[in-house]
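Peer 1: turn this into a structure:
(chains A and B)
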Protein chains: 2
Amino acid sequence: MIKKYYLLSPGPTPIPEKALSAAAEPIIHHRTPEFSAVFMEVTEGIKRVFGTKEDVYILTSSGTGAMEAAVVNLLSPGDKVLTINGGKFGERWGNICKAYGVAFKEIALDPWGKDFSKEELAAELKAMPDCKAVLATLSETSSGAMFDVQGFGEVVAKTQALLVVDGISGAGVTPCPMDDWKIDVFLSGSQKSFMIPPGLAFIALGPKAWAAAETAKLPKFYFDLKKAKKNLANKTTPWTPGVSLIIQQKHALDIIQAMGLEGLYAHHRALAEATRAGVKALGLELLAQRPGNVLTCCKVPDGIDGGKLVKTMQGKYRAYIAGGQDPYKGKIFRIAHLGYMGGFDIITALSALEMTLMDLGYAFEAGAGVKAAQAVLKENWQ
Amino acid sequence: MIKKYYLLSPGPTPIPEKALSAAAEPIIHHRTPEFSAVFMEVTEGIKRVFGTKEDVYILTSSGTGAMEAAVVNLLSPGDKVLTINGGKFGERWGNICKAYGVAFKEIALDPWGKDFSKEELAAELKAMPDCKAVLATLSETSSGAMFDVQGFGEVVAKTQALLVVDGISGAGVTPCPMDDWKIDVFLSGSQKSFMIPPGLAFIALGPKAWAAAETAKLPKFYFDLKKAKKNLANKTTPWTPGVSLIIQQKHALDIIQAMGLEGLYAHHRALAEATRAGVKALGLELLAQRPGNVLTCCKVPDGIDGGKLVKTMQGKYRAYIAGGQDPYKGKIFRIAHLGYMGGFDIITALSALEMTLMDLGYAFEAGAGVKAAQAVLKENWQ
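Peer 2: Numbers count the residues shown, from 1 in each chain, chains lettered A, B, ... in the order given. Modelled structure (predicted):
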């Protein structure tokens, strides 16, 4: 049998055909009116996904570059911040702070997938009146958890602190309007729901964040957003940008634009609900207390070898789901449903999962997962 | 007439068809054996171009990111360095140092294009025994000058200082074997002679540089090369890499590999000599005292409007040469001959230049530039 490769992991995600073929066109120079037109169109498209009136800056880096940009553009040595660590990506906020000498109190959620409420955040901030920023995550890709960013916004806006949100895997999947939700800094990356290859990161700052940027003393050069701001006024970037990726992004944004944000959220919700229904029908349990629509993170059932499960899915069935990371390696597996995926990608994922579970001797009603997902997809098919 | 677009500027440069079409293939996940194989092949290919036994780290950023990586991974606050500023890119070394609180003595070469000898460098280093690093440029893209990096290596190796060389536009165009020439840090970017779109940067550190990295105190996270080193041992990168660009790089390296480094240098030398012969036959003067083979930088002749010259080339003839930057705007123009260019791209450039000069009323023997270039190309055609 021809064993096709099915990409079902949380980034890079599948790329729409038009965005793929655009990368095969001869490249153009970046200091030209032709490129500036595409660049500004992409900037505007990302602004719409971010739900902001602020300018969005396109960085040529992975999403981590935008996280670093947030820290170095807002803070000064000795500043104190709160980080919400619900997994590998929440933990990264602390690692960046450590590298730059920013004092941080880490709220370590244990186990991964545990929720953190706005009331708990309010209590933390009350106990830390000199907190300069709250570094949070919209969707924690390592656990499948979604956080109450809207609630965080209500709480943080009443303080002097800034709310910085890593929306790398969450933006475009689930509503998170930056301005309405009082988010001071929002950032994302190109290889998730923006549907193009990795290599670009996006970041926007609200007025409170720009005021902080005026006095921030941490050193920066490549990620200096004041330079990006100055250059954006001339419809360009300070350094040579990822020209081909930006052109691909235009084509992916055309699809996003045609669906509309509500359509995009409904699409992801339907895929997520179908996946959750499917895995629950197989008797599997989710890791996240508040699961999001980006990916579904399941606990490996007792008696099953988690490493073998992921290896079989990837190797035998070529269904590229992701395994667990760090302490959760072998204990969880993650099925993504974000970006350019269709309903039958979910059927593929669940079918490969069922066939894998059969291989591993897990007892369940064959076909139950696919059947449950079909019902949800059918209901939402429009 | 169909007005085709001819890219003749120093980056991005034209991309080979196989590297273009590779970008149109569905993307694969980066934490897989399939990607690791490509990634390691590309790493090895770049090592060969760099002329080093050291590992090369692939950063997802523009070339400036690799320049910043060099500074933050080698130095500590208060360190003193020498920067050789022969134009916009040499000047950038100083700007990065300034941003990170590194004390630098700038050797400002005036006018742009002025050479700087190894003897002059030796004298500077003698007067600055605590110099920690010399930050130099192989090919200064803003002036077309090539520097005596081999000579710099001889001089710097006798001191405690490190020799850091920006080879962004020069690597792969002109010989610069990192190990043989005693270069401690060498770096480049993807969109020049590496023949793919912008978005990747490459950097390698020799033993003296790694020793400095052990004690370097400047803050870093995204560009932390110790993290890159640790991850490379596992055939991967610390952050999600520019997957599609790395795959494109494999295809461009196949071409480079097939030509061999000597073939690549001979190719660029022939194009550069043809261009220089062409512009000299038109009575034009070069800016650089020691012109390199990356690009040819000409002074705009008296009585000609330099802005109009570039605008006509780009707009009317769609021949995308570059103008001058900063103080040299309107005073020079730059024809690139690097990467995936053929002999007839030089003929196109010179022909468009001649037609433009006719439009602007410059007196010269029509056809003389093309004729002179043809002779050089014919001589080297093999």
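
Peer 1: what parts of the stretch 1-150 of chain A come near chain B?
Peer 2: Contact residues (Cβ under 8 Å from any Cβ of the partner chain) of the stretch 1-150 of chain A with chain B: A:5, A:7, A:9, A:11-12, A:14-15, A:20-21, A:23-32, A:60-65, A:68, A:95-96, A:99-101. From N, CA and C alone the C-beta is placed, and that goes for glycine too.

Peer 1: out of the residues you listed, which end up buried?
Peer 2: Neighbour counting by 16 or more other Cβ atoms under 10 Å in any protein chain shown classes A:7, A:9, A:11-12, A:14-15, A:20, A:23-24, A:27-31, A:60-65, A:68, A:95-96, A:99-100 among the residues of the stretch 1-150 of chain A next to chain B as buried.

Peer 1: just checking, which of these belong to strands?
Peer 2: Cross-referencing these against strands under DSSP state E gives A:7, A:60.

Peer 1: show me where the stretch 251-382 of chain A has strands.
Peer 2: A:295-299, A:319-320, A:322-323, A:332-336 (DSSP state E, counting those that start in this stretch).

Peer 1: now check the second one, is it near chain B?
Peer 2: Yes. Strand A:319-320 is in contact with chain B by Cβ under 8 Å from any Cβ, via A:Tyr320.

Peer 1: let's have the strands of the stretch 251-382 of chain A in JSON lines, adding distance to B:Phe50, mean pLDDT and mean neighbour count.
Peer 2: Listed next are the strands of the stretch 251-382 of chain A as JSON lines, based on distance: least, Cβ to Cβ, whole Å; pLDDT from 0 to 100; neighbours: other Cβ atoms under 10 Å in any protein chain shown:
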{"stretch": "strand A:295-299", "distance to B:Phe50": "39", "mean pLDDT": "98", "mean neighbour count": "26"}
{"stretch": "strand A:319-320", "distance to B:Phe50": "33", "mean pLDDT": "96", "mean neighbour count": "24"}
{"stretch": "strand A:322-323", "distance to B:Phe50": "34", "mean pLDDT": "96", "mean neighbour count": "22"}
{"stretch": "strand A:332-336", "distance to B:Phe50": "37", "mean pLDDT": "98", "mean neighbour count": "27"}
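
Peer 1: turn these into CSV, columns for distance to A:Lys220.
Peer 2: Converted to CSV, the strands of the stretch 251-382 of chain A look like this (distance: least, Cβ to Cβ, whole Å):
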stretch, distance to A:Lys220
strand A:295-299, 32
strand A:319-320, 36
strand A:322-323, 32
strand A:332-336, 32
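
Peer 1: ok, which of the ones you listed comes nearest B:Thr215?
Peer 2: B:Thr215 lies closest to strand A:322-323 among the strands of the stretch 251-382 of chain A, at 37.1 Å (Cβ to Cβ).

Peer 1: closest to A:Asp130 out of the strands of the stretch 251-382 of chain A?
Peer 2: The minimum distance between A:Asp130 and the strands of the stretch 251-382 of chain A falls on strand A:295-299, with 35.2 Å, by Cβ to Cβ.

Peer 1: for that closest one, C-alpha coordinates in CSV please.
Peer 2: Extracted in CSV, the C-alpha atoms of strand A:295-299 (Å, rounded to 0.1, in the frame of the first residue of the first chain):
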residue,chain,number,x,y,z
LEU,A,295,-5.3,20.2,19.9
THR,A,296,-6.6,17.3,22.0
CYS,A,297,-4.2,15.9,24.5
CYS,A,298,-5.0,12.4,25.8
LYS,A,299,-3.6,10.4,28.6
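
Peer 1: show me what it is packed up against.
Peer 2: Packing partners of strand A:295-299 (3 or more Cβ pairs under 8 Å, 6 or more residues apart in numbering or on different chains; DSSP states H and E): helix A:261-281, strand A:332-336.

Peer 1: looking at those, which is nearest to chain B?
Peer 2: Nearest of the helices and strands packed on strand A:295-299 to chain B, taken as Cβ to the nearest Cβ: strand A:332-336 at 10.3 Å.

Peer 1: about what we covered before: need the winner for burial among the helices and strands packed on strand A:295-299.
Peer 2: Ranked by mean neighbour count, the helices and strands packed on strand A:295-299 are led by strand A:332-336 with a mean of 27 (mean count of other Cβ atoms under 10 Å in any protein chain shown).

Peer 1: Provide the strand pairings for that strand, with the direction of each partner.
Peer 2: strand A:295-299 (antiparallel), strand A:322-323 (antiparallel) (DSSP bridges).

Peer 1: run through who's touching the last one.
Peer 2: If I follow you right, that is strand A:322-323. A:9-10, A:295, A:306-307, A:310, A:329-330, A:332-334, A:336, B:31 (Cβ atoms under 8 Å, 6 or more residues apart in numbering or on different chains).
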